[in-house]
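Peer 1: Next come a sequence and a model predicted from it.
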Amino acid sequence: MDADVQADELHAYADGRLPPDRRLAVQAWLAAHPDEAAQVRQWQSLNQALHLGFDDVLNEPLPLRLVRAAQGDAAPPVSPLPPLGNASRWRLWSRAGSGRAATAALVFGLVGLAVGGGLGYRLGQGGPAVSETAAASGRFVHDAALAHAVYTPEQRHPVEVDARQADHLVAWLSKRLGTPLHAPQLAPLGYELLGGRLLAAGEGPVAQFMYQNAAGARLTLYVRRAAPAGTMPADTLTAFRVAREGDVEVFYWVEDGFGYALSGRVARPQLQAVAEAVYHQLTAPPSAASAP
């Protein structure tokens, strides 16, 4: 690393924690070091994806019973649980006057548990006010937007198989998803296929196709089997719905047992025009869909 700019400063810059007097110097250094600048942009995109996925989990209030336990206070009786074996540590932290530190540790532990449990935990804990139907729909949109946020910033490896092997890509993803897939042709709308990749979701394999226009803006088409019948809103079937996750717009629909989501950081009318083109190509007869 350059003597004038240290690695920890690059991380602080990506996290938005660098002092103003150093920020301009690091910006100038990054302008002269494109590889490091690309790495920093990836860190920033990862930060955004993590905030998009888990900020609401982090901001959820802790149950009072757990707060009291962290502070060493007596808690109301609850259903019996296996002994934790670390009660002495809780009491030691409390006597040392570090109850707040224990609470913070518990917060981070619970957030780690939520992350480890997957996105389904976060969306499935809405209580009576959130129906199973809405949770399934929201999870699908969230997964599509998160995949978009994670992979579109990549400069060297945005896709697993590039557009030069488009036939192989489509055949491979079709085999993995168990249905004939098509990579829509979006050149008339200014977007060229970059390629695609295979992803995983709770329901099984997912196909992601990525497109880019001349200005560098990227769109992704996320395709997977739809949730079981009855767990997606009835008006989602063969009809567009639109949602927003952070700064990512998502148009999504269900057709013939598969869910489709087109995501991008572009104006909603522009994304809708692309979504309509994608929909018409995917639902057209094979001869019409393959016509230039």
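Peer 2: Happy to help now that I have it. Predicted model only: the values in this text are computed from it and were never measured.

Peer 1: Please count neighbours and contacts with C-alpha atoms only from this point.
Peer 2: OK.

Peer 1: Could you give the backbone dihedrals for residue 213?
Peer 2: Backbone geometry at residue 213, expressed as degrees, to the nearest 10, gives phi -100, psi -180.

Peer 1: List the buried residues for stretch 270-290?
Peer 2: Of the residues in stretch 270-290, those with enough neighbours to count as buried (16 or more other CA atoms under 10 Å) are 271-272, 274-275, 277-279, 281-282, 289.

Peer 1: Tell me which other helices or strands the helix or strand hosting residue 262 touches.
Peer 2: Per DSSP states H and E: residue 262 is located in strand 258-264. Under the contact criterion of 3 or more CA pairs under 8 Å, 6 or more residues apart in numbering; DSSP states H and E, strand 258-264 touches helix 132-151, strand 218-225, strand 248-255, helix 268-283.

Peer 1: got the angle for the last one vs strand 248-255?
Peer 2: Computed by axes from the mean of the first three to the mean of the last three CA atoms, to 10 degrees, the angle separating helix 268-283 from strand 248-255 equals 30 degrees.

Peer 1: list the contacts for residue 177?
Peer 2: Residue 177 makes contact with 205-207, 224-225 under the criterion CA atoms under 8 Å, 6 or more residues apart in numbering.

Peer 1: Look up how far residue 199 lies from it.
Peer 2: As defined by CA to CA, to the nearest Å, residue 177 lies at a distance of 11 Å from residue 199.

Peer 1: Common neighbours of these two, please.
Peer 2: Taking CA under 8 Å, 6+ apart as the contact rule, residue 177 and residue 199 both touch 205-207.

Peer 1: Can you go through those residues and name the buried ones?
Peer 2: For the shared contacts of residue 177 and residue 199, a burial check counting by 16+ other CA under 10 Å picks out 205-207.

Peer 1: and the nearest residue to residue 13 once chain neighbours are set aside, what helix or strand is that in?
Peer 2: Among residues not flanking residue 13 along the chain, residue 23 sits closest, at 6.8 Å (CA to CA, 6 or more residues apart in numbering). Taking DSSP H and E as the criterion, residue 23 maps to helix 20-31.

Peer 1: Show me what that helix is packed against.
Peer 2: For helix 20-31, the helices and strands in contact under the criterion 3+ CA pairs under 8 Å, 6+ apart are helix 7-15, helix 34-58.

Peer 1: Between those, which one is closest to residue 142.
Peer 2: When the helices and strands packed on helix 20-31 are compared by CA to CA, helix 34-58 sits nearest residue 142, at 7.7 Å.

Peer 1: ok, back up a step: pretty sure the residue nearest to residue 13 is touching residue 11, no?
Peer 2: No: between residue 23 and residue 11 there is no contact under CA atoms under 8 Å: 11.6 Å.

Peer 1: count of residues packed around the closest residue to residue 265 other than its chain neighbours?
Peer 2: Of all residues not flanking residue 265 in the chain, residue 248 sits nearest, at 5.0 Å (CA to CA, 6+ apart). Each residue near residue 248 was counted by other CA atoms under 10 Å, and the total is 21.

Peer 1: got a pLDDT number for residue 248?
Peer 2: Looking at residue 248, its pLDDT stands at 92.

Peer 1: Quick check: it vs residue 22, distance?
Peer 2: For residue 248, the distance to residue 22 - CA to CA - is 31 Å.

Peer 1: Also residue 206?
Peer 2: Separation of residue 206 from residue 22 (CA to CA): 42 Å.

Peer 1: And the strands in the stretch 101-250 of the chain, which stretches?
Peer 2: 161-162, 192-201, 204-212, 218-225, 241-245, 248-255 (DSSP state E, counting those that start in this stretch).

Peer 1: Now tabulate those strands in a markdown table and tack on distance to residue 38.
Peer 2: Shown next, in a markdown table, are those (distance: least, CA to CA, whole Å):
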| stretch | distance to residue 38 |
| --- | --- |
| strand 161-162 | 20 |
| strand 192-201 | 18 |
| strand 204-212 | 17 |
| strand 218-225 | 16 |
| strand 241-245 | 24 |
| strand 248-255 | 21 |
